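**Q** give me a model of this one.
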Amino acid sequence: MKKKLLLSMICTLLLGSAAMFGVAYASGKITILVNGKAISSDAAPRMINNRVMVPISFISKALGANVGWDQKTQTVNVRNYGITPRDFFKETPEMDMFAMAEINNTIQVFMTGIDTGLESLISRAVTSDIDVNLFSQMQNFSMGQSFLSMDIADIRTIKGTSPREYQVIVAVKTYDVDSNLLEEFWDLTVVYNQLGGDKTSYLVKKYDGKIKKEIVNEHRMFPGYTFKLPF
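**A** As a prediction, this is how the structure comes out:
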C-alpha cells in the first residue's frame, strides 16, 4: 500500500507549463487531459495554494514513460522512451506538413546510406557537390549497421523563399566499437530540390558535425525492450 501511494505521489505542475497535457477544472472537479484524452487515477488531482497537484505516476505512464520507486534512496525515477526532446533553436520553422514529410524522407535516406555505407542511397539525398564516398565511410562499423533509431530533433528555417532551406538537427541512437551506447545530434542543412530527377525532394547540402554526443547507460527503444551493452 505504501509503495502504491509513493508511486502515485503528488507532483507540482504549474498550469502555465502544461505543454503536453491540459488540466481543466469546474465546479470543484479537476479533469486531466493527456493529448486531448481524459485520464483518471486513484489519487484525485487537487488545487493547493493556486497550484494543481497531480499524481506523477499516472501522468508519466499516460505520456509513455515508466515510473519506478527506489526504497533505498527514496527516489521516484521517471524514464521515457526514445531521445528526450530538446528545443535547440527555440523557434517555429516556416513549413507545412508536406515539407516536413519530404525533409523527413531525405533524412531517413541519407542517414540509412551512411549507416549501410551505400553510396547509391547517399547520392539520392545530397547535392552534387557533396563527397558521397566520404560519407559512405563515416560509420565504417565492422559489425554492420549501428543506428538503432534516428529522428528529427529540431528544425530552423534558413531561407523561406525558393529554394527553401532548413537547418535540421537529427537525433541518433547508436553504439560504438568500444561498447558505448551513444546519443548523437547531427547538424545538417537541407535545400529544396528544384531539379527533381531520381533524388529526394530535399537534399543535404552541408554537414556541420555532431553538435552533441553523449554516452548513456541504456537505450529504451519501446515498451518491453531496453537495449544495453555489452551483449
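**Q** buried stuff in whichever helix in the chain runs longest?
**A** Taking DSSP state H as the criterion, the chain has its longest helix at helix 97-116. Buried positions in helix 97-116, judged by neighbour count with 16 or more other Cβ atoms under 10 Å: 99, 102-104, 106-116. C-beta: built from backbone N, CA, C; applies to glycine.
**Q** what residues does it touch?
**A** 95, 118-126, 135-136, 138-139, 145-147, 150, 152, 155, 164, 166, 168, 170, 172, 186, 188, 190, 200-204 (Cβ atoms under 8 Å, 6 or more residues apart in numbering).
**Q** where's it relative to the chain centroid, distance-wise?
**A** With Cα atoms, centre = their mean, to the nearest Å as the basis, helix 97-116 stands 15 Å off its chain's centre.
**Q** try stretch 152-161
**A** That offset, for stretch 152-161, works out to 16 Å (Cα atoms, centre = their mean).
**Q** name the surrounding residues that touch it.
**A** 83, 85-89, 91, 93-95, 100, 103-104, 107, 164-171, 185, 189.
**Q** if you set the cut-off to 6 Å instead, what comes out?
**A** Contacts with stretch 152-161, where a contact means Cβ atoms under 6 Å, 6 or more residues apart in numbering, come from Phe88, Phe89, Pro93, Glu94, Glu165, Tyr166, Gln167, Val168, Ile169, Ala171.
**Q** show me the contacts for the fourth one.
**A** Glu94 sits next to Thr157, Gly160 when contact means Cβ under 6 Å, 6+ apart.
**Q** re the thing from before, closest to Asn180 among the buried residues of helix 97-116?
**A** The closest of these to Asn180 turns out to be Asp115 (Cβ to Cβ; 16.8 Å).
**Q** just for this structure, where's the confidence low?
**A** Where the chain drops to pLDDT under 70, the residues are 1-28, 140-143, 229-231.
**Q** which parts of it are strands?
**A** 10-13, 21-26, 29-34, 37-39, 46-48, 51-55, 66-70, 75-79, 149-159, 165-175, 181-192, 202-216, 219-222, 225-227 (DSSP state E).
**Q** hmm, back to that, select only the buried ones of the contacts of helix 97-116 in ChimeraX?
**A** A single ChimeraX command selects the buried members of these (16+ other Cβ under 10 Å):
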select :95,121,122,123,124,125,126,135,136,139,146,147,150,152,155,164,166,168,170,172,186,188,190,200,201,202,203,204
